[in-house]
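J.: Okay, sequence plus prediction incoming.
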Amino acid sequence: MMSLFFQRAPGISGWTYKPWRGAFYPRGLPQKKELAHASSIFRSVEINGTFYGLQRPEVFARWAEETPDDFVFVVKGSRFITYMRRVKEPEAPLAKFMAEGVERLGRKLGPILWQLPPTFRFDAERLEAFFLLLPRPLRYALEIRHESFRDPAFIALLRKPDVALVCADTVDWPLLMDLTSDFVYVRVHGSMELYRSAYGPTARSPARARPSA
């Protein structure tokens, strides 16, 4: 189970996973009740489905209805924009993504998470152009996966448009811990083995973690 921690709201990345049934979810729990069960334990969740494809407005509305009043959804940005287009010429797909109905989450809408692929190198000009297109006053977080982002210029670039740097605990990608917005976003991928490490109550982040600026 990969966890996320957003603004003191511990949560999980997604909720529709077959191996969780009979383990995290009680045996026999109907799939349509899994979000309600997860939201009774955690305070936030990433919507992974928005990364892979468009959703319908009524789906967002239903998710909002099924969760507690203080629950927070993190909407994961489209991989078509970050992985396929590599944030190049994103105007049309970004407009389509934003129009799919995320506003139906209402006050439960947290940040929109943009995840860059491991092969994406730091490109200040391309990222700055992308940030300028992001609708406000929504909040955004960016996760990077390439060593070239260990650059003070990247941290400065995030601070200007108030985009949070994701602190991603993993053995495979850079672990940067710079504060670039008014909230902190941590993704716990596995400090010993990617997507498979367990975190106990005394777990510590690796010593390689350090600010970039």
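T.: Structure's in. What do you need?

J.: what's the neighbour count on the nearest residue to residue 87 once chain neighbours are set aside?
T.: In space, and not counting its chain neighbours, residue 87 is closest to residue 130: 4.3 Å by CB to CB, 6 or more residues apart in numbering. Every residue, glycine included, has its C-beta placed from N, CA and C. For residue 130, the neighbour count with other CB atoms under 10 Å is 24.

J.: Confirm that residue 130 lies within a strand, as I assumed.
T.: No - Residue 130 is assigned helix when assessed by DSSP: H, G, I helix; E, B strand; the rest coil, not a strand.

J.: was I right about it contacting residue 86?
T.: No - Residue 130 lies out of contact with residue 86 (CB atoms under 8 Å); the separation is 9.8 Å.

J.: could you point out which element follows the one helix or strand in the chain whose mean pLDDT sits lowest?
T.: For the chain, using mean pLDDT, DSSP states H and E, the weakest element among its helices and strands is strand 3-6, scoring a mean of 51. Using DSSP states H and E, the helix or strand that follows strand 3-6 in sequence is strand 9-13.

J.: mind listing what that next one pairs with, with the direction of each?
T.: strand 3-6 (antiparallel), strand 44-47 (parallel) (DSSP bridges).

J.: Quick check: the gap between the closest residue to residue 70 other than its chain neighbours and residue 122.
T.: Closest residue to residue 70 apart from its sequence neighbours, by CB to CB, 6+ apart: residue 43 at 6.8 Å. Relative to residue 122, residue 43 is positioned 33 Å away (CB to CB, to the nearest Å).

J.: Residue 49 now?
T.: Separation of residue 49 from residue 122 (CB to CB): 29 Å.

J.: List the buried residues of stretch 109-129.
T.: Applying a neighbour-count criterion of 16 or more other CB atoms under 10 Å, the buried positions in stretch 109-129 are 109-116, 120, 122-123, 126-127.

J.: Does the most centrally placed residue in the chain belong to a helix, a strand or coil?
T.: Nearest to the geometric centre of the chain sits residue 113, at 3.9 Å (CA atoms, centre = their mean). Following three-state DSSP, residue 113 is assigned to strand.

J.: Could you pull out the helices in the protein for me?
T.: Assigned by DSSP state H, the chain shows helices spanning 34-39, 49-52, 57-65, 79, 91-98, 124-133, 152-159.

J.: Need the pLDDT of the most far-flung residue of the chain relative to its centre.
T.: Each residue of the chain has a distance to the centre, and by CA atoms, centre = their mean the biggest one is for residue 28: 29.4 Å. Here, the pLDDT recorded for residue 28 equals 95.

J.: ditto for the one 10 residues further on
T.: Confidence per residue is given as pLDDT, and for residue 38 that number is 97.

J.: go on, residue 171?
T.: So, for residue 171, pLDDT stands at 76.

J.: contacting residues for residue 15?
T.: 34, 35, 38, 45 (CB atoms under 8 Å, 6 or more residues apart in numbering).

J.: and the residue nearest to it when sequence neighbours are not counted, how many neighbours does it have?
T.: Nearest residue to residue 15, sequence neighbours excluded (CB to CB, 6+ apart): residue 38, at 4.5 Å. Residue 38: 21 surrounding residues under other CB under 10 Å.
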